[in-house]
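J.: I'll drop the sequence and a predicted model, then ask my questions.
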Amino acid sequence: MRPIRSLVPATLSGLCVLWALSGAVDAQAQPAATSVASPAPRQRLLHWIEPTARGPRAAATSNVVFLNNCIATNGCALLPGRATGENDSRTNISSIVAQPALLEKWRFTPTQWDNLVTCVRDVFAPFELQIVTTEPPATTEYFEAMVAGRASQVGMEEGVAGVAPFNCGVIDNAITFSFANDYAELSPSSAGDLCWTVAQEVAHAFGLQHKYDARDPMTYLPPSLPIKLFLNESGPCGTSAARNCTQADQFEPRGCPGPTTINSYQQIAAIFGDKPGTPPSLAVTSPIDGAELTRGFVVRATAGDDVRLRDVAVTLDGTPVGPAMRGGPFEWRTPKTLPAGAHQLSVVATDYYGAVTTVVRNLTTRADCTGKATGCDRGQLCLEGRCVDGPSLDGGLGKDCTTNADCTSGLCASSGGDKRCVEDCTLGASACPDAFQCIAAAGAGVCWPDDDDGGCAADGGSSHGPLALGLAFAFLVLAPRRRARAAARPAAGSSARP
């Protein structure tokens, strides 16, 4: 059982079609930044029914889930099954109901219903389940999720968002309830909460307990995230606190025999089976396969997924290059200590269901350069034994830039409004090429044009910029440094993009 929360709408973008829509009339309008008037949260309970003599069932007789908004029948008439523990979707008997009841029909728009159905299907997409909106023939077996009406109409207290029968195993032909009409409106946040409520109540009929993980539909924990998925990760059960899954708590009258943790994905997959899944999209934009590079080159990639991307990781000859990244821009700086010769770069994108896409690049790094540019290509300069693109090349050292992506080094820095591509350097080593000096940056350094003075700050245009490239500085103000010059200089200062 889940309570309706007091919800704060927020503008969320397209992980489900649902998130782009709001309001009961104008589906394209953005939600107002005010709280939805919903009942205060109340106690959440599962409705326990005794298992059959053979114990909780681990298999199902049907893989069909009927989402019923009760419109076709102008409300859903229910017959009581509480006294006997009976549940039968084909005859509308429910163990939740103590006396005959009528659940009023869905009161929101057809578009909002369609979007809710899309969201529920997305959540159950990895499994061999059929989510249908037309009632199957009475001669077949099916689970039914009633998404309509109010909690009070089936004898539940006000503030209950959903309820399901539960006995630690599969309850064939179970009817679960998600009380849509108790929501004041279906803003993106509340519509999302309703989607997770439907998913949770349906899964209770499969024998799933509550999980103490806000990312999973089986949770009670806030917030209502843009999307919740049945995670292929083991974790504790629990509602208001983590607990051993074999133990009871104040909201669940009994624990369940079996594992002490819950993996909601594996539990559903064990009953119905899972689909192969769609792997993430992944493109490595730099470097290209077969490239000849200098040490410290930058890896750039783009990635996405039809449901949700978990992370993107890079290895070079089997060794991780920085941490895996959960969001873009996906950029990594490889080590300057990389030896010359052949190397294999692997970029791996993984989604939340474990589907993987891998792109491999076979590369060669050059031997160290010497002097000004011996051993480097035309237009390159030698910096601490490695070749870097110079000012005559696009994105080279000292070139104008706007963001980190404009620079082959992956770092755009600013000084007094002047933004240039820079390379990292070792302070005090006089390592920068002619016309550049290594300027201090809180213990690190960058090569900055020698005809400038004043402070310098790493570009803040990307939250994953310099740090994601493995550099030792980001948003760090470079210390002003005086240089003996005969000509007058502009006043020292520093600037950083907000």
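T.: Structure's in. What do you need?

J.: Please enumerate the strands of the stretch 251-400 of the chain.
T.: Counting by DSSP state E, counting those that start in this stretch, the stretch 251-400 of the chain has strands at residues 281-286, 292-293, 298-304, 309-316, 319-320, 330-333, 341-351, 356-365, 380-383, 386-389.

J.: what does the stretch 51-200 of the chain give?
T.: Here the stretch 51-200 of the chain has its strands, by DSSP E, counting those that start in this stretch, at 64-68, 76-80, 93-94, 101-103, 130-132, 143-147, 160-163, 165-166, 175-178.

J.: Provide the strand pairings for the last one, with the direction of each partner.
T.: If I follow you right, that is strand 175-178. strand 143-147 (parallel), strand 160-163 (antiparallel) (DSSP bridges).

J.: count of neighbours near Asp122?
T.: Here the number of neighbours of Asp122 (other C-beta atoms under 10 Å) works out to 21. Glycine gets a C-beta too; all of them are placed from N, C-alpha and C.

J.: Could you do Glu201 as well?
T.: Neighbour count of Glu201, defined by other C-beta under 10 Å: 27.

J.: coming back round to it: return the member of the strands paired with strand 175-178 having the minimum mean pLDDT.
T.: If you rank the strands paired with strand 175-178 by mean pLDDT, strand 160-163 sits at the bottom with a mean of 93.

J.: Give the buried residues for that strand.
T.: Neighbour counts over strand 160-163 (16 or more other C-beta atoms under 10 Å) mark 160-163 as buried.

J.: Turn the residues you listed into CSV, including distance to Gln266.
T.: As requested, these are arranged in CSV below (distance: C-beta to C-beta, whole Å):
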residue, distance to Gln266
Val160, 29
Ala161, 26
Gly162, 23
Val163, 25
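
J.: So which of the residues you listed is the closest to Pro188?
T.: Ala161 (16.6 Å; C-beta to C-beta).

J.: Surely the closest one touches Phe177?
T.: No - the pair Ala161 and Phe177 fails to qualify as a contact (C-beta atoms under 8 Å) at a distance of 9.3 Å.

J.: Give the residues shared as contacts by those two.
T.: By C-beta atoms under 8 Å, 6 or more residues apart in numbering, Ala161 and Phe177 have these common neighbours: Ala151.

J.: one step back: Serialize the strands paired with strand 175-178 to CSV and add fields for distance to Ala77.
T.: Listed next are the strands paired with strand 175-178 as CSV, based on distance: least, C-beta to C-beta, whole Å:
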stretch, distance to Ala77
strand 143-147, 11
strand 160-163, 18
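
J.: For Leu411, which of the strands of the stretch 51-200 of the chain is the nearest?
T.: Using C-beta to C-beta, the nearest of these to Leu411 is strand 130-132, at 48.0 Å.

J.: What residues of that closest one count as buried?
T.: For strand 130-132, the neighbour count (16+ other C-beta under 10 Å) marks Ile131 as buried.

J.: now do stretch 240-256
T.: Buried residues in stretch 240-256, counted by 16+ other C-beta under 10 Å: 243, 245, 249, 252, 255-256.

J.: go on, stretch 278-295?
T.: By neighbour count with 16+ other C-beta under 10 Å, stretch 278-295 contains the buried residues 279-280, 282, 284, 286-287, 293-295.

J.: and what of stretch 176-188?
T.: 176-183, 185-188.

J.: From the residues you listed, which land in helices?
T.: Mapping the buried residues of stretch 176-188 onto helices (DSSP state H) picks out Pro188.

J.: Including pLDDT and distance to Ala83, could the buried residues of stretch 176-188 go into TSV?
T.: Listed next are the buried residues of stretch 176-188 as TSV, based on pLDDT from 0 to 100; distance: C-beta to C-beta, whole Å:
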residue	pLDDT	distance to Ala83
Thr176	97	19
Phe177	97	18
Ser178	96	24
Phe179	95	23
Ala180	95	27
Asn181	95	27
Asp182	93	26
Tyr183	90	31
Glu185	86	37
Leu186	84	35
Ser187	82	39
Pro188	78	41
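
J.: Out of the buried residues of stretch 176-188, which comes closest to Gly207?
T.: Checking the buried residues of stretch 176-188 against Gly207 with C-beta to C-beta, the nearest one is Thr176 at 12.7 Å.

J.: wait, what's in contact with the closest one?
T.: Counting by C-beta under 8 Å, 6+ apart, Thr176 has contacts 143-146, 162-165, 198, 201-202, 204-205.

J.: What's the separation between it and Trp448?
T.: For Thr176, the distance to Trp448 equals 64 Å [C-beta to C-beta, to the nearest Å].

J.: Report the buried residues of stretch 215-228.
T.: Buried residues in stretch 215-228, counted by 16+ other C-beta under 10 Å: 215-221, 224-228.

J.: Take the residues you listed and lay them out in a markdown table including secondary structure, distance to Ile271 and pLDDT.
T.: Shown next, in a markdown table, are the buried residues of stretch 215-228 (DSSP: H, G, I helix; E, B strand; the rest coil; distance: C-beta to C-beta, whole Å; pLDDT from 0 to 100):
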| residue | secondary structure | distance to Ile271 | pLDDT |
| --- | --- | --- | --- |
| Arg215 | coil | 21 | 91 |
| Asp216 | coil | 17 | 95 |
| Pro217 | coil | 16 | 94 |
| Met218 | coil | 15 | 95 |
| Thr219 | coil | 20 | 92 |
| Tyr220 | coil | 23 | 88 |
| Leu221 | coil | 25 | 88 |
| Ser224 | coil | 26 | 64 |
| Leu225 | coil | 25 | 70 |
| Pro226 | coil | 27 | 71 |
| Ile227 | coil | 23 | 78 |
| Lys228 | coil | 19 | 89 |
